[in-house]
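Undergrad: any chance you can model this:
(4 chains)
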There are 2 protein chains.
Amino acid sequence: MRLRQLECFRALMLHGTMTRAAELLGMSQPGISTMIAGLEHETGLTLFLRRGGRLQPTPEAKLFYVEAARALEAVENASRVAAEIRSGRRGHLAIAAYPSISIKLLPRLLSQFAKGRPELQVKIITRNSATVRELVSTQQFDLAVAELPLDYPTSHMEVFSYDCMCMLPHAHPLAKLKQITPDDLDGVPFVTLFRGDPIYQQLASAFSEYGARWNVVAETEFFSTACQLVAEGRGVGIVDPVVSKPFTEGLAMRPFKPSIQSQIAILSPTHEAPSQMALDFVKLLRRALRA
Amino acid sequence: MRLRQLECFRALMLHGTMTRAAELLGMSQPGISTMIAGLEHETGLTLFLRRGGRLQPTPEAKLFYVEAARALEAVENASRVAAEIRSGRRGHLAIAAYPSISIKLLPRLLSQFAKGRPELQVKIITRNSATVRELVSTQQFDLAVAELPLDYPTSHMEVFSYDCMCMLPHAHPLAKLKQITPDDLDGVPFVTLFRGDPIYQQLASAFSEYGARWNVVAETEFFSTACQLVAEGRGVGIVDPVVSKPFTEGLAMRPFKPSIQSQIAILSPTHEAPSQMALDFVKLLRRALRA
DNA sequence: TGTCCATTATAGCAGATTCGTATAGTCGTC
DNA sequence: GACGACTATACGAATCTGCTATAATGGACA
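TA: The predicted structure follows:
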C-alpha cells in the first residue's frame, strides 16, 4: 500500500471524478486511473463501480476511506512535526538546576526562549547542586546548572566564575565605601549561606586571614533568602553578581576583597547527544551568565 | 516523506544498527543507509550522529520517532482494515424491516450471519411497511424488508409470495380437517390483522364470496400478537407460513382455501451500489424466505 | 440517429526511485 | 597492526511513476 495510492483515493472520494482529482493533485487523469487500479488490485476491493464511464464509490470504498484518510493524516502530521522539530517550534527541555538560579533567572530565560516556540515543553527540577550532579549522570535531563565544586567533574561542563560582591542596604554606613574588606565588616552582623557551602568556607578563611571577627547572625539555604534578610536590615551579606542579581534590587552592591569565588557550571549529559533545542537554550543561558 | 523511509527509520530506532535493521526488513545495509540519508535530507533533521562508525539517535530522532511510528501504524491499520473488508469480517448492515420479520426471523438470521464476522456492525430499524419504503428511498439503509403492496414500486425489489395458512390450537375441533375454508370458519371467533392490512382485505372478500360470517373478535398490529391470542384460545387466525413460523410453534397449521396471499419484498437502495456484505446477507435471507 | 462532450482506460515511453553488489572508510579491540 | 563490526558511496538493473497520445464508453441534445 503506497502513500500516493491513498492520496489519489482520497482525492477521488472527495472530488468525485478522476479528472478533477488529477487537477487537485497536479497530475494527469491516466495517472490517477492507474493508481486507483493498483490500489483496487492490491487491496482486493472493488472501490468504484464503472457505470457509464463514471465512477461510483462502493460501500466498501466508504468504509476504507475512513481508514485511508486517517493514515494520510497521520503521515502528514509526522511530516509537520518534523518541520516543527527542525524549526525549533517543537521539542522539550528538561533542566535540573540548583535553587538560586531556578527561582528567578532560569524561568525568566525560559519564558523568553519559549516565545515563538508554541509546542515547547519545559520541565525544571530544583535540587541542591550535589543532587543535580547525580541527576545529570542518569541522563534524564537535557541540561543542568549546578554550583562548583562538584564531588567529581563531568565531561561536558562549562564553568562560569564570579567575584562575589557585598550587599548591604543603601542606608548602611558602609555603603559609602567603594570596596569592602573583612576589616570593614569586623563584628558587623552578617548573613551567609550554610556552613557546607563553598562561599561559607571562603568567607571564614578570608575573615580569619584578615584577623577580623565574622559576626554571623543568620545562615540560609538560598541566596534569595539571604538577600531578603539583608533588605530587611538584618545585616550585610555576600552574593554572586549575576545569578543573584534579581534578588538584590534595592540593595547597594560593593566589590569585596579578597576575592570570594562563586563558580557555577552548565552540565550536559555525557552519553547523550544534546538536542538542537538544548544547544539553542545554552546559547541564551551562556549569554546571561557571562553578562 | 515515503513510507519505506519511515519503516527503515523505525527499524533502525528499534534495533540500533543499520545492519540489523536491514536483516529485519529483508534488505541490504546500503539500502537502509540511503533511505535514512534521504529521510534526513528531506526532513532537514539530523536523526543520527555518526560516532566512530556507529549511529547514535539524536533527541530529535526520538521526538520524530513517536510520530513516525504512529503514522506507520495508521497505514498498517488501513491495510488490515482493507483485508477485513475484503474477507467480510468488517462492515455494517443497516436494515429497515416491518415488525413481524424484525421481531424473530431477522435477528435469528443476523446472529447467524455475524458468526465469524467479528467487526460487523448491525443496525435494525423496525417500521411499518409504508415507512420502510420511504426509508429505503432516502438511501439510509443497505437493505429493507417490507410487505406488499407498496404505494409505488422500487426498482430493486425481490418478491416472495406465500399462501397463508390457518392457525388454530391443536385441541380445536377444526384441527381435524386437512384443509380449511371460510365455510368451516362460519361464525368461528377469528383473530386478524388490522383493517388496513392486505390480509384483512383478502379475508373479507373470501368470507363474503363463500357467504360465511366472519366473526372477528380481535384485530392486532403484528402477526406475533395474533399468534399469541390464538395460542391463548381466543380464536383462530391466518398467517404466512414462513415469516410467522417462529410464532406458531405449539399451534396447528392448516392450508386455507381460497388462497390468501401474503407478499413481502427485499428492497435495495436504487442509486447506491449494494455492499458485498449486503449481497452476502441477502443470499442468506433469500434462502430463509424461500424455505 | 448521429454528433458532441465529458469521462475513464490502455499503451508506450522517459525519468525517478529502489535496492542489490562491490567496495571504501571508520573506529574499537585484541 | 590486524581484525571485526559497522556505515557510506558508487553504480547498475529492475521497478515504479507519471506523462502524452489515444481508444472506449455513455449521456445530452439536435
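Undergrad: test my guess that A:Leu120 contacts A:Gly91.
TA: Yes - using CB atoms under 8 Å, A:Leu120 makes contact with A:Gly91 at a distance of 6.0 Å. Every C-beta, even on glycine, is put in place using the N, C-alpha and C of the backbone.
Undergrad: the most centrally placed residue in chain A sits in which helix or strand?
TA: In chain A, the residue lying closest to the centroid (CA atoms, centre = their mean) is A:Leu93, at 3.9 Å. Take DSSP states H and E as the rule and A:Leu93 turns out to sit in strand A:90-97.
Undergrad: angle of the helix or strand hosting A:Ile125 against strand A:90-97?
TA: In the assignment (DSSP H and E), A:Ile125 maps to strand A:119-126. Calculated by axes from the mean of the first three to the mean of the last three CA atoms, to 10 degrees, strand A:119-126 forms an angle of 10 degrees with strand A:90-97.
Undergrad: which neighbouring elements make contact with strand A:119-126?
TA: strand A:90-97, helix A:99-103, helix A:105-114 (3 or more CB pairs under 8 Å, 6 or more residues apart in numbering or on different chains; DSSP states H and E).
Undergrad: right, and these - which one's nearest A:Ala278?
TA: Among those, strand A:90-97 comes nearest to A:Ala278, with 6.4 Å by CB to CB.
Undergrad: can you give me the strands in chain A?
TA: Secondary structure of chain A by DSSP state E: the strands cover A:48-51, A:54-57, A:90-97, A:119-126, A:143-147, A:157-163, A:165-169, A:189-193, A:215-220, A:236-239, A:251-255, A:261-267.
Undergrad: is it correct that A:Met35 is in contact with A:Arg4?
TA: Yes - here A:Met35 lies in contact with A:Arg4, judged by CB under 8 Å, at a distance of 6.2 Å.
Undergrad: nearest residue to A:Pro255 in space, please, no chain neighbours.
TA: A:Gln179 (4.7 Å; CB to CB, 6 or more residues apart in numbering or on different chains).
Undergrad: any idea how many residues pack against that neighbour?
TA: A:Gln179: 11 surrounding residues under other CB atoms under 10 Å in any protein chain shown.
Undergrad: ok, back up a step: mind listing the shared neighbours of A:Leu120 and A:Gly91?
TA: A:Met277 (CB atoms under 8 Å, 6 or more residues apart in numbering or on different chains).
Undergrad: which residue, neighbours along the chain excluded, lies closest to whatever residue of the stretch 101-250 of chain A ends up closest to chain B?
TA: Proximity of the stretch 101-250 of chain A to chain B (CB to the nearest CB) peaks at A:Asp142, 7.1 Å away. Leaving out its chain neighbours, the residue that sits closest to A:Asp142 by CB to CB, 6+ apart is A:Ala278, at 4.2 Å.
Undergrad: okay, the one you found and A:Ser137: tell me how far apart.
TA: Note on A:Ala278: its distance to A:Ser137, by CB to CB, to the nearest Å, is 17 Å.
Undergrad: can you check A:Gly88 too?
TA: Taking CB to CB, one finds A:Gly88 at 27 Å from A:Ser137.
Undergrad: more neighbours: which of A:Met35 and A:Arg4?
TA: A:Met35 (24 against 16).
Undergrad: contacting residues for the more buried one?
TA: Counting by CB under 8 Å, 6+ apart, A:Met35 has contacts A:Arg4, A:Gln5, A:Cys8, A:Phe9.
Undergrad: buried residues in stretch A:161-171?
TA: A:Tyr162, A:Cys164, A:Met165, A:Cys166, A:Met167, A:Leu168, A:Pro169 (16 or more other CB atoms under 10 Å in any protein chain shown).
Undergrad: contacts with DNA strand D among those, please.
TA: Of the entries in the buried residues of stretch A:161-171, none also sits close to DNA strand D under the rule CB under 7 Å from any atom of the strand.
Undergrad: of the strands of chain A, which is nearest A:Pro274?
TA: strand A:143-147 (7.7 Å).
Undergrad: who's in contact with the closest one?
TA: For strand A:143-147, the external contacting residues (CB under 8 Å, 6+ apart) are A:93-98, A:101-102, A:106, A:129-130, A:132-133, A:135-136, A:198, A:262-268, A:274, A:278, A:281-282, A:285.
Undergrad: mean pLDDT lowest for which of the helices and strands packed on strand A:119-126?
TA: Sorting those by mean pLDDT places helix A:99-103 lowest, at a mean of 88.
Undergrad: now it, how far from the centre of its chain.
TA: 14 Å (CA atoms, centre = their mean, to the nearest Å).
Undergrad: same for that helix, what does it pack against?
TA: strand A:119-126, helix A:223-231.
Undergrad: looking at these, which is buried most?
TA: helix A:223-231 (a mean of 21; mean count of other CB atoms under 10 Å in any protein chain shown).
Undergrad: I would like the residues contacting it, please.
TA: Under CB under 8 Å, 6+ apart, the answer for helix A:223-231 is A:99-100, A:103-104, A:167-169, A:191-193, A:218, A:220, A:235-237, A:239-240, A:243-244, A:247-248, A:250-251.
Undergrad: from those residues, list the buried ones, please.
TA: Buried among the contacts of helix A:223-231 by 16+ other CB under 10 Å: A:99-100, A:103-104, A:167-169, A:191-193, A:220, A:235-237, A:239-240, A:243-244, A:247-248, A:251.
Undergrad: before we move on, the earlier item: can you tell me which of the strands of chain A comes nearest to B:Ala71?
TA: Here strand A:90-97 is closest among those (CB to CB), at 15.6 Å.
Undergrad: can you list the strands that that closest one pairs with?
TA: strand A:119-126 (parallel), strand A:143-147 (parallel) (DSSP bridges).
Undergrad: redo those as a markdown table? Include mean pLDDT.
TA: Below are these laid out as a markdown table (pLDDT from 0 to 100):
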| stretch | mean pLDDT |
| --- | --- |
| strand A:119-126 | 90 |
| strand A:143-147 | 89 |
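Undergrad: out of the ones you listed, flag the one nearest DNA strand D.
TA: Closest to DNA strand D of these, according to CB to the nearest atom of the strand: strand A:143-147, at 26.7 Å.
Undergrad: contacting chain B as well, which ones from the contacts of A:Met35?
TA: When contact is defined as CB under 8 Å from any CB of the partner chain, the contacts of A:Met35 do not meet chain B at all.
Undergrad: just the closest of these to DNA strand D, please.
TA: Among those, and counting by CB to the nearest atom of the strand, the member closest to DNA strand D is A:Arg4, at 4.5 Å.
Undergrad: quick one on the thing from earlier: would TSV of the strands of chain A with distance to DNA strand C be doable?
TA: Output for those, formatted as TSV (distance: least, CB to the nearest atom of the strand, whole Å):
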stretch	distance to DNA strand C
strand A:48-51	5
strand A:54-57	4
strand A:90-97	26
strand A:119-126	29
strand A:143-147	25
strand A:157-163	20
strand A:165-169	45
strand A:189-193	42
strand A:215-220	46
strand A:236-239	43
strand A:251-255	47
strand A:261-267	22
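Undergrad: where does the stretch 1-150 of chain A dip in pLDDT?
TA: For the stretch 1-150 of chain A, the stretches with pLDDT under 70 are A:139, A:150.
Undergrad: go again using 80 as the cut-off
TA: Residues of the stretch 1-150 of chain A meeting the criterion pLDDT under 80: A:51-53, A:130, A:133-134, A:136-140, A:149-150.
Undergrad: kindly report the residues of it close to chain B.
TA: Counting by CB under 8 Å from any CB, the stretch 1-150 of chain A sits next to chain B at A:1-3, A:6, A:43-46, A:49, A:56, A:58-60, A:63-64, A:67-68, A:70-71, A:73-75, A:77-79, A:81-83, A:85-86, A:90-92, A:142.
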